[in-house]
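K.L.:
dropping the sequence and predicted coords here.
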Amino acid sequence: SSPLQLLALGINFTQSDRIKQTEELSMTEFFKDHIRRVAETDLSRNWFFWFAAAGHFNYAEPDAVPPYLRRDRWERSRQCETKLRFQRRSMLDIMRTAGKSTWTHFAFLDATDWAPTKIQRLLFEEVRRTGTDGATLLLRSVEGVDPVEATGADKWLERLPCSDEATLLDRSRQYRQVNFYRLHK
């Protein structure tokens, strides 16, 4: 119940308040449920578990490292023509400076979980503005509420059927929902 402990576990005040309002569980029960789901995974290969528990990945097990950090993927990515840039700005700032119909894909882990509803709405509006027609959005959430539906963005973001399978196949069990959406302009 300590706010400091929640922050140490990666849950900020906004997310904590939203969990308390939308879940039928206490914060203690919420964490127990989360730990139960993580314990059901192959812990030797669960890179989220390893990083959270040990502060590093299990390099003895190649599948226990996120795919984008695996040596074979790194070598392949160096040969791609895709331009990669790192920026130290908020997602909204980056999206606001982009032109219309700039991107075909978006991936937000639990970014919407910690964002206030107003910011969620702004984020989805920028997805609509900067995404091409038919763009794909991957949205993972530790919460049980679909932020796309909750913010009204489901008018132009269609949840795809593969979302249910993606949720079941999430190896980390960090997320209660793994949803794919298709943007319709």
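P.N.:
The structure has been received and is ready for your questions.
K.L.:
contact partners of stretch 4-14?
P.N.:
Here stretch 4-14 makes contact (CB atoms under 8 Å, 6 or more residues apart in numbering) with P3, S16, I19, M27, F31, W114, A115, P116. Using the backbone N, CA and C atoms, a C-beta is placed for each residue, glycine as well.
K.L.:
separate out the buried members of the residues you listed.
P.N.:
With burial judged by 16 or more other CB atoms under 10 Å, the buried subset of those is S16, I19, M27, W114, A115.
K.L.:
include secondary structure and pLDDT when you put the contacts of stretch 4-14 into JSON lines, please.
P.N.:
Converted to JSON lines, the contacts of stretch 4-14 look like this (DSSP: H, G, I helix; E, B strand; the rest coil; pLDDT from 0 to 100):
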{"residue": "P3", "secondary structure": "helix", "pLDDT": "81"}
{"residue": "S16", "secondary structure": "helix", "pLDDT": "82"}
{"residue": "I19", "secondary structure": "helix", "pLDDT": "80"}
{"residue": "M27", "secondary structure": "helix", "pLDDT": "83"}
{"residue": "F31", "secondary structure": "helix", "pLDDT": "82"}
{"residue": "W114", "secondary structure": "helix", "pLDDT": "80"}
{"residue": "A115", "secondary structure": "coil", "pLDDT": "86"}
{"residue": "P116", "secondary structure": "coil", "pLDDT": "85"}
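K.L.:
now for these: which two are most distant?
P.N.:
The largest separation in the contacts of stretch 4-14, counting by CB to CB, is between F31 and P116 at 22.5 Å.
K.L.:
my read is R182 is in a strand, agree?
P.N.:
Yes: counting by DSSP: H, G, I helix; E, B strand; the rest coil, R182 is part of a strand.
K.L.:
what sits opposite it in the beta ladder?
P.N.:
Per DSSP bridges, the residues bridged to R182 are T136, E158.
K.L.:
contacting residues around it?
P.N.:
G134, A135, T136, L137, L157, E158, L160.
K.L.:
closest to C80 out of these?
P.N.:
T136 (18.5 Å).
K.L.:
run a quick neighbour tally on that closest one.
P.N.:
For T136, the count of nearby residues is 16 (other CB atoms under 10 Å).
K.L.:
when you give positions from now on, start the count at 3
P.N.:
Got it, first residue is 3 now, which makes that one T138.
K.L.:
is it true that it touches F108?
P.N.:
Yes: counting by CB atoms under 8 Å, T138 touches F108, with 7.2 Å between them.
K.L.:
and the spatially most central residue of the chain, how close does it get to P68?
P.N.:
In the chain, the C-alpha nearest the mean C-alpha coordinate belongs to L111, at 1.3 Å (CA atoms, centre = their mean). Distance, L111 to P68, using CB to CB, to the nearest Å: 11 Å.
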